[in-house]
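Enquirer: would you be able to build a 3D model of this:
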Amino acid sequence: MSARTSPARDLVYFVIFAAAVLTMPVWLAPIGAGYPDLLQKFAIYGLFATGFNLLFGLTGYLSFGHAAFLGVGSYTAVWSFKLLGMNPIPAVILAVVAAGIFALAIGFVSLRRSGIYFSILTLAFAQMSYNLAYSVLTPITNGETGLRVLRSDPRIFDAADGAEGALVSTLFGIEMNGYAGFYFCAVILIAGFFIAQRIFRSPFGIMLRAVKSNQNRMTYTGLNPRPYTLAAFVISGMYAGLAGSLLCITDPLAGAERMQWTASGEVVLMTILGGAGTLLGPLLGAGLIKYFENIFSAFNEQTLHSIFSFLPDFLETPVVGLMSLFVGEGWQLTLGVLFMIIVIFLPGGIMEGVSRLGRLFKGSDKPSAADKGRVEAAAE
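Expert: Model (predicted):
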């Protein structure tokens, strides 16, 4: 084992990551991202992207239907609140189990195909799930209105504790909103990152990389790749279900819109933008997209005028007019331009840029293993 993947190096990497996550309210405050709602989204969608990366980044199987598991986790969590009580622990456990079972069923069918056929199958299953949740299964999902916790719900354990009036997820008497909700999500994100790190370094992770590298050669050696890909699919679905439950823990509401194809496409963008196949990349991609969605979308012409007030009037007006196209309702245009730049100049995502900067400061011009892999793939 090289020093690059030594246990000591991984431990340092994990400790730095955990410290960075727990101190996010401090170092994100200067850029306007230190408020609880956005921090919760960073943690939740970072977890979602981390799970998706275990499938796409390691095996190369591109799923366009992961939002289905996000929705299943959300609905399961809300039903846990409605029937058992507002404690988030049972909601998390049941959501992970339900999403895992659902992923096992979909993966068992979808993984009979690979490539674009696999992607289309997962998209079809996700759209079927969305339509079922939106119309057919209305008694379970409450259709377009969405499923929420009501005061008339049984909530067995809450009633036993004399807390039948509470409609907010509560753990040890602490309401899971604001910064308390963020730190609950942050702890789970750190645990999810640790598990992903162990999977990356394990023999199981090596087998998944072998599937991505050349599945035919793997089959010729007598190894059946399907159990490994199915396990990766189920684990990835469980991560998505966990993220879905966290969305409901911080806001006890589940809607069918979480299962739409756009939500599945978003996690694909997060992973590619940050760097598929890397541990930290999907988290950076998720944070960047959610920052644009929540910060850039709030900008208006008045905000832009205050930013560019140092310019002369004859320059300020056209600059504000141009920049207004990329903020507010046009924030997705900014994201699209950024995505194009990264895909063209940094095919490995943000993490490839970080790697290049690291080599630049070290004074090394040697390409990384990821760069070599892309060159070899292009040659083939």
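
Enquirer: poorly predicted segments of the protein, please.
Expert: For the chain, the stretches with pLDDT under 70 are 1-5, 159-166, 364-380.

Enquirer: what about this protein, which residue is the most distant from its middle?
Expert: residue 314 (43.6 Å; CA atoms, centre = their mean).

Enquirer: so which strand or helix has it?
Expert: Taking DSSP states H and E as the definition, residue 314 sits inside helix 313-323.

Enquirer: quick one: buried residues of that helix?
Expert: If you call a residue buried by 16 or more other CB atoms under 10 Å, then helix 313-323 has these buried ones: 316, 320, 323. For the C-beta atoms, the positions are set from N, CA and C on the backbone; glycine is no exception.

Enquirer: what does stretch 211-218 give?
Expert: Going by neighbour count (16+ other CB under 10 Å), the buried part of stretch 211-218 is 211-212, 215, 218.

Enquirer: which member of those is positioned nearest residue 94?
Expert: Closest approach to residue 94 among the buried residues of stretch 211-218 (CB to CB): residue 211, at 30.5 Å.

Enquirer: verify the stated contact: that closest one with residue 228.
Expert: Yes: Residue 211 lies in contact with residue 228 (CB atoms under 8 Å); the separation is 6.2 Å.

Enquirer: which neighbours do the two have in common?
Expert: Counting by CB atoms under 8 Å, 6 or more residues apart in numbering, the contacts common to residue 211 and residue 228 are residue 59.

Enquirer: show me what contacts residue 211?
Expert: Per CB under 8 Å, 6+ apart, neighbours of residue 211: 58-60, 218, 225, 228-229.

Enquirer: now, among the residues you listed, which is nearest to residue 119?
Expert: Comparing the contacts of residue 211 against residue 119 with CB to CB places residue 60 closest, at 11.1 Å.

Enquirer: who's in contact with that closest one?
Expert: The neighbours of residue 60, taking CB under 8 Å, 6+ apart as the test, are 211-212.

Enquirer: return the backbone torsion pair for it.
Expert: Reported as degrees, to the nearest 10, the phi and psi values for residue 60 are phi 80, psi 0.

Enquirer: against residue 343, how distant is it?
Expert: Applying CB to CB, to the nearest Å, the value for residue 60 to residue 343 is 17 Å.

Enquirer: with residue 96 instead?
Expert: Residue 96 sits 33 Å away from residue 343 when distances are taken as CB to CB.

Enquirer: the two: which is more packed in?
Expert: Legend: neighbour count by other CB atoms under 10 Å for residue 96 and residue 343, higher for residue 96 (22 against 12).

Enquirer: surely the more buried one touches residue 73?
Expert: Yes: judged on CB under 8 Å, residue 96 makes contact with residue 73 at a distance of 7.3 Å.

Enquirer: common neighbours of the two, please.
Expert: Residues touching both residue 96 and residue 73 (CB under 8 Å, 6+ apart): 241-242, 245.

Enquirer: can you name every helix or strand that the helix or strand that contains residue 74 contacts?
Expert: Under the criterion of DSSP H and E, residue 74 resides in helix 67-83. Applying 3 or more CB pairs under 8 Å, 6 or more residues apart in numbering; DSSP states H and E, one finds that helix 67-83 contacts helix 88-110, helix 115-131, strand 147-148, helix 226-250, strand 253-254, helix 261-274.

Enquirer: roughly how far is it from the heart of the chain?
Expert: 17 Å (CA atoms, centre = their mean, to the nearest Å).

Enquirer: quick check: the residue farthest from the centre of the chain vs residue 307, distance?
Expert: Distance, residue 314 to residue 307, using CB to CB: 17 Å.

Enquirer: try residue 152
Expert: Using CB to CB, residue 152 is found at 50 Å from residue 307.

Enquirer: between those two, which is the more surrounded one?
Expert: More crowded of residue 152 and residue 307, by other CB under 10 Å: residue 307, with 14 against 7.

Enquirer: contacting residues around stretch 33-46?
Expert: Residues from elsewhere that reach stretch 33-46, judged by CB under 8 Å, 6+ apart: 21, 24-26, 28, 177-179, 181-182, 185-186, 188-189, 243, 246-247, 250, 267, 270, 282-283, 286-287, 289-291, 294-295.

Enquirer: mind running it again at 7 Å?
Expert: 24-25, 28, 178-179, 181-182, 185-186, 189, 243, 246-247, 250, 270, 283, 286-287, 290-291, 294-295 (CB atoms under 7 Å, 6 or more residues apart in numbering).

Enquirer: for stretch 17-31, same thing?
Expert: Residues contacting stretch 17-31 (CB under 7 Å, 6+ apart): 34, 39, 42, 179, 186, 189-190, 193.

Enquirer: just checking, which of those residues belong to helices?
Expert: Using DSSP state H, the subset of those located in helices is 39, 42, 179, 186, 189-190, 193.

Enquirer: and those, which is closest to residue 172?
Expert: Taking CB to CB as the measure, residue 172 sits nearest to residue 179 out of the ones in helices among the contacts of stretch 17-31, at 15.3 Å.

Enquirer: now that closest one. Nearest residue, chain neighbours left out?
Expert: Nearest residue to residue 179, sequence neighbours excluded (CB to CB, 6 or more residues apart in numbering): residue 36, at 5.2 Å.

Enquirer: cool, residue 238 as well?
Expert: Leaving aside its sequence neighbours, residue 238 sits nearest to residue 100 (CB to CB, 6+ apart; 4.4 Å).
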